[in-house]
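Chemist: structure for this input, please:
(chains A, B, C and D)
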There are 2 protein chains.
Amino acid sequence: MSKRTIIRLSKYKNALYRLKKMGFVKVFSDNLADAVGVTPAQVRKDFSMFGISGNKRGGYTVAELVEKLNKILGKDKVQDVIVVGTGHIGTAMMNYRGFEKENIRIVAGFDIDPAKYNADEKIPVLQLDKMRGYVKEHGIRVGIIAVPDIAAQQVLEIMVSAGIKGILNFAPINLKGEEDTVINNVNLGLELENIIYFINTDKKGVINEDTDA
Amino acid sequence: MSKRTIIRLSKYKNALYRLKKMGFVKVFSDNLADAVGVTPAQVRKDFSMFGISGNKRGGYTVAELVEKLNKILGKDKVQDVIVVGTGHIGTAMMNYRGFEKENIRIVAGFDIDPAKYNADEKIPVLQLDKMRGYVKEHGIRVGIIAVPDIAAQQVLEIMVSAGIKGILNFAPINLKGEEDTVINNVNLGLELENIIYFINTDKKGVINEDTDA
DNA sequence: ACCTTTTTGTGATTTTTTTCACATTTTTTA
DNA sequence: TAAAAAATGTGAAAAAAATCACAAAAAGGT
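Modeler: A predicted model of the protein is given here:
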């Protein structure tokens, strides 16, 4: 299943949370299309791909749809995540409030700089060389890399060798991993550059994020 | 020109910076392909699209290529950028070291919380209602939104009405703008969700073409 | 000078993704 | 009860993106 489809499913789900909060019980493909910036046919096609179906005239039930999407997206259970590198980006990720309600829990940070260590916080910051043990002990499968580009590939390798399967990488370098590892490279400079290119030419509109392929 | 092409150009440029630093003078399409994770044909096609050409056996000259790419990407002059919302993400953006060498300069932050104000820092944090004036006075064209989702659309409108043309949005909501505005929505939760989906399915080895293909 | 090797540049082809369009189902209205 | 209206679900078609494959150019060797 393509990454773009999965991104859209997540977006539908996010839009549905908002609709739910606003009191909506039913939703139509064109409401979702509008919220996410795609066509109604795309929404229905995406759903059809995962066997999600609605009612021929009543659309979809919000609560049901949210539940199905969360199931597909693996968000029916809490996912524990570690952060490596506790500079500005790493710290921002550790403190990002948006994760909690998504069943994502940042459980620890790791850094090479002893000045950063603090085992007593709610989210402890630990020594980098404790990372392997921590990952194994807690069965962590997902990690965030927020170290300088020069260190990123090495950190990746430690993480993978410890058992981590999925990585969100903020270092401005395209990390490569083994077959069974999922790496999502997010390059913030690139996202801005992109905007700068488009405002300088005259092609305007909403750019949608698909950082990697 | 498609967004994906532009992203790749940026990636080539970033890879070239590294190659340059390592002392390379010439580069071939397959070096770049390898660094960025695409095929050599893709690299050449992308270049051909923008009239960039190399030498039939000598590949491309790194310095020349960097210059051409920077020209295309509008990075031949410094781009001033403001940040609205100085929470964790906004602060991280204000302090992100990666921008400087990309000719991107964060010039000011804005917040609604008076406790955040500090006009004397190198990058001042100012009152939100000073934003419009600041943008007009300094001719700012690009801004970053790092406020809670609930406030994002409103902040967007103020920014656009002040003259900002390009926006990088971190609020977890798909912002919509006018025709002549470029909006790049980056949703961090989404990027993680994505990873979670793929490590869960890859492990099970399930989910594959039954409906399609 | 000629042959071999390497690498570009790009038309043709294939693959992937999106959109179209409409039969089908359900709801509402009269 | 029948007709009209509103949505879905999905093959077929179109569009977009990526890859192939190969002629042509440049460099190096003998």
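Chemist: report the distance from the longest strand anywhere in chain A to the chain centre.
Modeler: Secondary structure of chain A per DSSP state E: the longest strand is strand A:104-111. In this view, strand A:104-111 has its centroid 14 Å away from the chain centroid, taken as CA atoms, centre = their mean, to the nearest Å.
Chemist: okay, buried residues for that strand please.
Modeler: For strand A:104-111, burial by neighbour count (16 or more other CB atoms under 10 Å in any protein chain shown) applies to A:104, A:106-111. Every C-beta, even on glycine, is put in place using the N, C-alpha and C of the backbone.
Chemist: and the residue of chain A most remote from its centre, what are its phi and psi?
Modeler: Using CA atoms, centre = their mean, the residue of chain A lying farthest from its centre is A:Arg57. It sits 33.4 Å away. Backbone torsions of A:Arg57, given as degrees, to the nearest 10, read phi -130, psi -20.
Chemist: residue contacts, it?
Modeler: A:Arg57 sits next to no residue when contact means CB atoms under 8 Å, 6 or more residues apart in numbering or on different chains.
Chemist: what about it, distance to B:Gly87?
Modeler: Distance, A:Arg57 to B:Gly87, using CB to CB, to the nearest Å: 44 Å.
Chemist: identify the bridge partners of the residue most central in space within chain A.
Modeler: Compute the mean C-alpha point of chain A, and by CA atoms, centre = their mean the closest residue is A:Leu168, 7.5 Å away. Counting by DSSP bridges, A:Leu168 is bridged to A:Ile144, A:Asn184.
Chemist: is it correct that it is in contact with A:Leu156?
Modeler: No - here A:Leu168 does not reach A:Leu156: they are 11.2 Å apart, not a contact under CB atoms under 8 Å.
Chemist: now do the shared contacts for those two.
Modeler: Overlap of the contact sets of A:Leu168 and A:Leu156 (by CB under 8 Å, 6+ apart) consists of A:Ile145.
Chemist: low pLDDT regions in chain A?
Modeler: Within chain A, the ranges that satisfy pLDDT under 70 run A:202-213.
Chemist: got the residues of it near DNA strand C?
Modeler: In this structure, chain A approaches DNA strand C at residues A:2, A:4-5, A:38-39, A:41-42, A:44-45, A:55-58, judged by CB under 7 Å from any atom of the strand.
Chemist: and those, which of them are buried?
Modeler: A:38, A:42, A:44-45.
Chemist: returning to that earlier point: may I ask which two of the buried residues of strand A:104-111 are separated the most?
Modeler: Using CB to CB, these reach their maximum pairwise distance at A:Ile104 and A:Asp111, which is 20.6 Å.
Chemist: I'd like the next helix or strand past the longest helix along chain A.
Modeler: Looking across chain A with DSSP state H, the single longest helix is helix A:3-21. Per DSSP states H and E, helix A:3-21 leads on to strand A:26-27 as the next helix or strand towards the C-terminus.
Chemist: ok, then the element right after that next one?
Modeler: Using DSSP H and E, the helix or strand that follows strand A:26-27 in sequence is helix A:29-36.
Chemist: now for the helix or strand following that next one, which elements pack on it?
Modeler: Counting by DSSP H and E, the next helix or strand C-terminal to helix A:29-36 is helix A:40-49. Here helix A:40-49 touches helix A:3-21, helix A:29-36, going by 3 or more CB pairs under 8 Å, 6 or more residues apart in numbering or on different chains; DSSP states H and E.
Chemist: next, count neighbours for A:Met22.
Modeler: 8 (other CB atoms under 10 Å in any protein chain shown).
Chemist: which residues are in contact with A:Val182?
Modeler: Counting by CB under 8 Å, 6+ apart, A:Val182 touches A:165-167, B:195, B:198-199, B:202.
Chemist: and the two most separated of those?
Modeler: Farthest pair in the contacts of A:Val182 (CB to CB) is A:Ile167 and B:Asp202. Separation: 13.3 Å.
Chemist: in terms of neighbours, single out the busier of the two.
Modeler: Between A:Ile167 and B:Asp202, A:Ile167 has the larger neighbour count (other CB under 10 Å), namely 24 against 16.
Chemist: quick one: end-to-end distance for stretch A:170-177.
Modeler: Taking CA to CA, to the nearest Å, stretch A:170-177 runs 15 Å from one end to the other.
Chemist: just to revisit the earlier point, closest one of the contacts of A:Val182 to B:Ser161?
Modeler: Comparing the contacts of A:Val182 against B:Ser161 with CB to CB places B:Ile195 closest, at 37.1 Å.
Chemist: by proximity to DNA strand D, which residue of chain A wins?
Modeler: Of all residues in chain A, A:Ser53 sits closest to DNA strand D, at 2.7 Å by CB to the nearest atom of the strand.
Chemist: go ahead and confirm that residue touches A:Phe47.
Modeler: Yes - A:Ser53 is within contact range of A:Phe47, at 7.0 Å (criterion: CB under 8 Å).
Chemist: who has more neighbours, those two?
Modeler: When neighbours are counted by other CB under 10 Å, A:Ser53 and A:Phe47 differ, and A:Phe47 comes out ahead with 20 against 11.
Chemist: ok, now which ones touch the more buried one?
Modeler: A:29, A:53-54, A:60.
Chemist: ok, now A:Pro172?
Modeler: Shown in contact with A:Pro172 (CB under 8 Å, 6+ apart): A:149, A:187-190, B:14, B:98.
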